[in-house]
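Colleague: Task: produce atomic coordinates for the following.
(chains A, B, C and D)
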Number of protein chains: 2
Amino acid sequence: MAGIKDVAAHAGVSVATVSRVLNGHSGVRADTRTRVLSAVDELRYRPNTLARSLRTDQTRTLGLVISDVLNPFFTELARAVEDAARSRGYSVIIGNADEQLTLQDHHVRTLLDRRIDGLLVSPADGDSLALREAAASGIPMVFVDRWVDGLVRQGVPVVRADGRAAVRELVAHLYRLGLRRLAIITGPVASTTSNERVHAFRSALREYGLPLPEAYIGQGDFQTASGRRAASDFFSLPEPPEAVFATDNLMALGVMEQLRVMGLRVPGDVALAAFDDIPWFLHTDPPITAIAQPTQELGHRAVAALTDLMEWGHPRSPSGGTPLPTDSGGWSAGSVTLSAHLIARRSCGEDERIRR
Amino acid sequence: MAGIKDVAAHAGVSVATVSRVLNGHSGVRADTRTRVLSAVDELRYRPNTLARSLRTDQTRTLGLVISDVLNPFFTELARAVEDAARSRGYSVIIGNADEQLTLQDHHVRTLLDRRIDGLLVSPADGDSLALREAAASGIPMVFVDRWVDGLVRQGVPVVRADGRAAVRELVAHLYRLGLRRLAIITGPVASTTSNERVHAFRSALREYGLPLPEAYIGQGDFQTASGRRAASDFFSLPEPPEAVFATDNLMALGVMEQLRVMGLRVPGDVALAAFDDIPWFLHTDPPITAIAQPTQELGHRAVAALTDLMEWGHPRSPSGGTPLPTDSGGWSAGSVTLSAHLIARRSCGEDERIRR
DNA sequence: TGGTCGCATGGAAACGATTACATCGACATG
DNA sequence: CATGTCGATGTAATCGTTTCCATGCGACCA
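Modeller: So this is what the prediction gives:
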């Protein structure tokens, strides 16, 4: 494969000149420039990015570690991230953690070894050594959707949607439909988003004077199988819940699978709602009530936050965003909080206020 | 960040020795080895993969270019590919072509520029210059799911599932249910898989003495919106079809969206079937009849074929697989053809033979 | 005419690893 | 004792770029 030397020889100039042309530096006579350029495409020359990165110490690459590629929410996020990155001249390498800490850490390390310029991560549950090391190494890093408390306190920005208001809305919706025994399926124990959702759920229930017995808290892990298990547990209870709220869409899928084998109907036998809206929810039997996040915007904002961090060494002052005033307290500078909203469908029963 | 020199200094040896230890070469005394190793983790040293790759001319990285990340079939494929690659010590960089030739070519070039060791691609429609150049450059390359005829003739292996038998089965199924006016929504015009599916569909119809009028061939592009358009066209026909076969799952989604706005019911007003089975098809209203591919195995076989190519410079003789004898003729050595099968559900109407 | 300046260009030192080859001491052999 | 072998280690070239600095040259000015 042709190298810069070959181009230089072919154009009758030095490698320095070729490099200058390629990088658009000024101070190259127009005719030499064209001579170089034509040598470049006669030889089909493509610069070796490895060598380039080695020398310049930047790869123009972002790393994105997501928790689960099979989750449509994350693929949509990944796509938005890639779009935003590409438009800024960066490429993205995706690592799929599959909700496993060890796999996540593997990817974080691999990405750092590749000398990516910045890291976007939606961390899996648990205390990640690799993530702590990454933060300590000083690489620009931004959390998206989920985060790790300790690191946020050390200044890592978070780009996320606050689902609390929407969860409260959901509980109101269920209550209005006459449902009283409400259950929830959580994500992994230390998952920040899951905790936020559970907490919002619990306090909304309290507002309505409803209890949240332990048995109505299904321990899930954001993956399909755990939704099945939780549903199966719920319905072997002497008094099963009247409504189930799955804190992500895959667990909602699991619930449906389990209900199907148990011969139970939604919403007749039980109401169902999920966090994260996906296109299929419109066409399931019945269409599923869900809380939608502004996924694309999350992706774009995350890339913006990260590139700011990379270019300025610190987040840009007004972050361009509209952080909710209420909680700007706890977050690192550069953080962005958007909001999620409820989309009521038939899976919780009929409601005169349902539009679609 | 610490380099190999720092480690050498810290351990009181030369960089060569450090390198030997790190690469597990023999001929290093046990005590020097331990001295080096402890220097390594005292300094938290991680080798710079850029420098390493530059020198060794291999990156232990595979590129995977898929047509659409939002398509669950491809994310499942990507996941299988990543698993297989990781277990062989490779990492994978995914490029999402979003069904656009220019985007696909962008990714192919970017991957090549990164000096990946091998390329797995499920090409988008059309004649791709970048792909031709890649093949010409001699990089190990394998097509998965879709392919480009010209390059296959030049020896690029293809790992795929043959859907023709399943399509025939589908037509039989529809016929048995009394359906006669059958329509199809194709992928992009030059898409190999789409063509295969359309062709199989057409010849099955002929077998049953059914016509396939032009108006019953909806031109799609494997994305949701085109499914909507095609459905809308079909149902503005004086005599709309009784059944629609979408050649991928996203277009089936589009059809459902359109039917919903038009107030038509499946299977009452029209039957629906799709290529590619996904978990949600079990829970849609009604559950959708689909042709399932052995997605995971496709991914694993593709990686196996590619690594064979990389390690041997040519495909391993018996390819480990079970190529269908019928068509082993046209395919390059190393190709693998698995088979797809029909999963009948209620979206085409009741059939006494339906199991689930 | 001679000095200065600026512009276009070239030479060569990095970047951080791998690896062919040289070196060096210990030991065995004749 | 001279020589050869072997095992452990070091030296330095190399991969393909970017970039600092030097150089040559024409123009300009005094």
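
Colleague: what's the spacing between A:Ser236 and chain B?
Modeller: Using C-beta to the nearest C-beta, to the nearest Å, one obtains 22 Å as the distance from A:Ser236 to chain B. In this view, the C-beta of every residue, glycine as well, is placed from N, C-alpha and C.

Colleague: OK, now which residue of chain A is nearest to chain B?
Modeller: Taking C-beta to the nearest C-beta as the measure, the point where chain A comes nearest chain B is A:Asp285, at 3.4 Å.

Colleague: Now the phi/psi pair for the residue lying closest to that residue once chain neighbours are set aside, please.
Modeller: Nearest residue to A:Asp285, sequence neighbours excluded (C-beta to C-beta, 6 or more residues apart in numbering or on different chains): B:Asp285, at 3.4 Å. Per-residue torsions, B:Asp285: phi -110, psi 100 (degrees, to the nearest 10).

Colleague: Which of the helices or strands spans A:Ala84?
Modeller: Using DSSP states H and E, A:Ala84 sits within helix A:72-87.

Colleague: between that helix and helix B:72-87, how many degrees?
Modeller: Counting by axes from the mean of the first three to the mean of the last three C-alpha atoms, to 10 degrees, helix A:72-87 lies at 80 degrees to helix B:72-87.

Colleague: per-residue confidence averaged over the helix or strand following helix A:72-87?
Modeller: Moving toward the C-terminus from helix A:72-87, the next helix or strand (DSSP H and E) is strand A:91-96. Per-residue pLDDT values over strand A:91-96 give a mean of 97.

Colleague: Which strands border strand A:91-96, and is each parallel or antiparallel?
Modeller: Each strand pairing with strand A:91-96, determined using DSSP bridges, is listed with its direction: strand A:61-66 (parallel).

Colleague: Any chance you could list what contacts the partner strand?
Modeller: Taking C-beta atoms under 8 Å, 6 or more residues apart in numbering or on different chains as the criterion, the residues outside strand A:61-66 that touch it are A:74, A:77-78, A:81-82, A:85, A:90-97, A:104, A:107-108, A:111-112, A:114, A:116-123, A:303, A:306.

Colleague: How about residues contacting the strand or helix carrying A:Leu120?
Modeller: Taking DSSP H and E as the definition, A:Leu120 sits inside strand A:118-121. When contacts are taken as C-beta under 8 Å, 6+ apart, the neighbours of strand A:118-121 outside the stretch itself are A:62-65, A:81, A:104, A:108, A:111-112, A:131, A:134, A:139-144, A:302-303, A:306-307, A:309-310.

Colleague: can you check stretch A:219-231 too?
Modeller: Identification of contacts with stretch A:219-231 by C-beta under 8 Å, 6+ apart yields A:67-68, A:71, A:99, A:125, A:185-189, A:191, A:194, A:218, A:244, A:246-248, A:250-255, A:257-259, A:262, B:279.

Colleague: domain assignment for chain A?
Modeller: A:4-47, A:60-160+A:295-316, A:164-292+A:342-348 (automatic domain parsing).

Colleague: ok, which stretches of the stretch 101-250 of chain A are helices?
Modeller: A:101-113, A:129-137, A:149-153, A:164-176, A:192-207, A:224-234, A:249-262 (DSSP state H, counting those that start in this stretch).

Colleague: Include mean neighbour count and distance to A:Val270 when you put these into TSV, please.
Modeller: Supplementary listing: the helices of the stretch 101-250 of chain A in TSV, determined by neighbours: other C-beta atoms under 10 Å in any protein chain shown; distance: least, C-beta to C-beta, whole Å:
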stretch	mean neighbour count	distance to A:Val270
helix A:101-113	20	33
helix A:129-137	17	38
helix A:149-153	15	34
helix A:164-176	21	11
helix A:192-207	19	16
helix A:224-234	22	8
helix A:249-262	23	7
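
Colleague: Save the ones you listed as TSV, and put in mean pLDDT and distance to DNA strand D too.
Modeller: Formatted as TSV, the entries for the helices of the stretch 101-250 of chain A read as follows, by pLDDT from 0 to 100; distance: least, C-beta to the nearest atom of the strand, whole Å:
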stretch	mean pLDDT	distance to DNA strand D
helix A:101-113	97	17
helix A:129-137	95	22
helix A:149-153	93	31
helix A:164-176	95	47
helix A:192-207	94	39
helix A:224-234	96	46
helix A:249-262	94	44
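
Colleague: Nearest to DNA strand C, out of those helices?
Modeller: helix A:101-113 (9.3 Å; C-beta to the nearest atom of the strand).

Colleague: Next, see if that closest one gets close to chain B.
Modeller: Yes - against chain B, helix A:101-113 shows contacts by C-beta under 8 Å from any C-beta of the partner chain at A:106, A:109-110, A:112-113.

Colleague: do the same with stretch A:32-47
Modeller: Yes - using C-beta under 8 Å from any C-beta, stretch A:32-47 reaches chain B at A:44, A:46-47.

Colleague: distance between the strand holding A:Leu120 and the chain's centre?
Modeller: A distance of 11 Å separates the C-alpha centroid of strand A:118-121 from that of its chain, computed with C-alpha atoms, centre = their mean, to the nearest Å.

Colleague: try stretch A:192-199
Modeller: Averaged over its C-alpha atoms, stretch A:192-199 has a centre that lies 15 Å from its chain's centre (C-alpha atoms, centre = their mean).

Colleague: What number of residues are in the vicinity of A:Thr61?
Modeller: Residues lying near A:Thr61 (other C-beta atoms under 10 Å in any protein chain shown) number 21.

Colleague: Please apply the same query to the one 10 residues further on.
Modeller: For A:Asn71, the tally of surrounding residues (other C-beta under 10 Å) stands at 24.

Colleague: Got phi/psi on it?
Modeller: phi -90, psi 120.

Colleague: so who does the nearest residue to it once chain neighbours are set aside touch?
Modeller: The spatial neighbour of A:Asn71 that comes closest, neighbours along the chain excluded (C-beta to C-beta, 6+ apart), is A:Leu250 at 5.5 Å. When contacts are counted by C-beta under 8 Å, 6+ apart, A:Leu250 touches A:68, A:70-71, A:222-224, A:227.
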